[in-house]
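Trainee: here is the input, now give the coordinates:
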Amino acid sequence: MTRLQDWVRRGVVCAWALCWGSGLSAPELQGRTLTNAEAAWSRTFQPELGRLTGPLQVEDTVYLGVGPSVYAYSDAGALLTRYDLPAAVTALDASGGPCGL
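Mentor: Residues are numbered from 1 along each chain as shown. Okay, here's the model as predicted:
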């Protein structure tokens, strides 16, 4: 098993960060709602979807672990993509380790 496969198997997702910030306020998790007050958007996740992990902002993308998936949102709140993993997400990390994102 490669190092990348091991990361995915454990459900740990990380993102490579070259530079931070876009000038907008950082998104916040309030209960089960991801909110970016300055950009005036929010997304609520039902409990059936699983544990929420994050959020993590890398450049102009906001990542949120939702059960065994990672959702990527733009600063404006548009869903960019969803990464489905074989296990629950346990952490989001922008340290630049061996990532598949």
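Trainee: list the buried residues for stretch 66-78?
Mentor: 66, 67, 68, 69, 70, 71, 72, 73, 75, 77 (16 or more other Cβ atoms under 10 Å). Any C-beta I mention is one placed from the backbone N, CA and C, and that applies to glycine too.
Trainee: what of stretch 37-50?
Mentor: 39, 41, 43, 45.
Trainee: quick check: end-to-end length of it?
Mentor: 24 Å (Cα to Cα, to the nearest Å).
Trainee: ok, and what's touching that stretch?
Mentor: Stretch 37-50 is contacted by residues 24-25, 28, 32-36, 52, 64, 66-69, 71, 73, 75-77, 88 when judged by Cβ atoms under 8 Å, 6 or more residues apart in numbering.
Trainee: show me where pLDDT drops low in the chain?
Mentor: Residues of the chain that meet the criterion pLDDT under 70 lie in 1-25, 96-101.
Trainee: let me see the ranges of the helices in it.
Mentor: 3-9 (DSSP state H).
Trainee: returning to what we had before: any idea which of the buried residues of stretch 37-50 is closest to residue 59?
Mentor: Ranked by distance to residue 59 (Cβ to Cβ), the buried residues of stretch 37-50 are led by residue 39 at 14.6 Å.
Trainee: quick check on that closest one: phi, psi?
Mentor: Here is the backbone geometry of residue 39 (degrees, to the nearest 10): phi -90, psi 0.
Trainee: from residue 76, how far out is it?
Mentor: According to Cβ to Cβ, to the nearest Å, residue 39 stands 6 Å off from residue 76.
Trainee: and the buried residues of stretch 66-78, which two are the farthest apart?
Mentor: Among the buried residues of stretch 66-78, 68 and 75 lie farthest apart (Cβ to Cβ), at 25.2 Å.
Trainee: just the strands from the protein, written as ranges.
Mentor: 12-14, 28-30, 33-36, 41-44, 52-58, 61-66, 69-74, 79-84, 91-93 (DSSP state E).
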